[in-house]
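A.B. asks: Here you go, sequence then predicted model.
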Amino acid sequence: MSETLGTIRLPYRLFRDTVSTADTDLTATTKSWGTFKSTYHPRSGSSKIAIPVNERDNKAIVCFDHKNADTDTAALTIYGYRQGFPAEFICSVDTITAGDQVSDGVLDSFGAATTNRYFADTIATITQRWIGGSGSVEEIDSAGNNGVAKLKFDTYGYSFLLILFTTISASDDVRAWISFY
C-alpha cells in the first residue's frame, strides 16, 4: 500500500491584532517563564498576546499590514517558548515598511472589508539567533515592490510564539498575520 503525501492548507490568522503603541522588548529578567505566564500567556496572562503553536504547526510564515500606505514603519521581535522554559529569541527586524498593496482591512461581521490596510512590502535588517544558524529565518518578497513581505522559520516544536512591536511610526498601527505549513 502506498502513502499519498499531502499539504495542509491553513489560512492566515491574526498573530497580533492592531498595535498602535510600541511594546517594551523583553530583558534578561522578563524573558522568564513566570513573566510569560503572568503577562503574555494566551490563557492566563494579563496581556494574553502570545499564540499557541499546535503540534502540526511545523513552519511559520508571518506577514504584516499597516494602517497607512507607503511610509508607515514598525520594528519587531519574535520569541519562542517551550512549556516551562524562558523566552528564546527567534529574530528581530529593525524596520518593516508598508507598501501600496491593500490587505483585507478591518472586516465587518459578514467578512467584508470596511477599512483598507496596507501590507508591509519591505523588510530591512533581520537579526537572528534561531536554531539552524544564519539562514534559519528567511525573508520573502521583501524588496519594496508592493508585494506581501514575509518572514519564514521552523517552529522546532516550541509551544508558544510572541511578537512584540518595539517601534511604530506616528499615526500608524500594525498587525501581524501567521500561517503554518
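C.D. replies: The structure has been received and is ready for your questions.
A.B. asks: distance between stretch 81-89 and the chain's centre?
C.D. replies: Distance of stretch 81-89 from the chain centroid (C-alpha atoms, centre = their mean, to the nearest Å) equals 17 Å.
A.B. asks: helices or strands up against the lengthiest strand in the chain?
C.D. replies: Using DSSP state E, we find that the single longest strand of the chain is strand 88-102. Secondary-structure packing of strand 88-102 (3 or more C-beta pairs under 8 Å, 6 or more residues apart in numbering; DSSP states H and E): strand 59-66, strand 73-81, strand 118-123, strand 126-128, strand 150-154. In this view, the C-beta of every residue, glycine as well, is placed from N, C-alpha and C.
A.B. asks: can you redo those as a markdown table with distance to Ala143, mean pLDDT and mean neighbour count?
C.D. replies: Written out in a markdown table, the entries for those read as follows (distance: least, C-beta to C-beta, whole Å; pLDDT from 0 to 100; neighbours: other C-beta atoms under 10 Å):
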| stretch | distance to Ala143 | mean pLDDT | mean neighbour count |
| --- | --- | --- | --- |
| strand 59-66 | 15 | 96 | 23 |
| strand 73-81 | 16 | 98 | 23 |
| strand 118-123 | 7 | 96 | 24 |
| strand 126-128 | 14 | 97 | 15 |
| strand 150-154 | 12 | 98 | 20 |
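A.B. asks: Out of those, which is closest to Pro52?
C.D. replies: Closest approach to Pro52 among the helices and strands packed on strand 88-102 is made by strand 73-81 (9.8 Å; C-beta to C-beta).
A.B. asks: And that closest one, what does it pack against?
C.D. replies: Strand 73-81 sits against strand 59-66, strand 88-102, strand 160-168, with contacts defined as 3+ C-beta pairs under 8 Å, 6+ apart.
A.B. asks: Deepest-packed of those strands, please.
C.D. replies: Among the helices and strands packed on strand 73-81, strand 59-66 has the highest mean neighbour count (mean count of other C-beta atoms under 10 Å), at a mean of 23.
A.B. asks: hmm, back to that, could you dump the helices and strands packed on strand 73-81 to TSV with distance to Gly147?
C.D. replies: Supplementary listing: the helices and strands packed on strand 73-81 in TSV, determined by distance: least, C-beta to C-beta, whole Å:
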stretch	distance to Gly147
strand 59-66	10
strand 88-102	6
strand 160-168	20
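A.B. asks: mean confidence score for the longest strand of the chain?
C.D. replies: Averaging the model's pLDDT scores along strand 88-102 yields 96.
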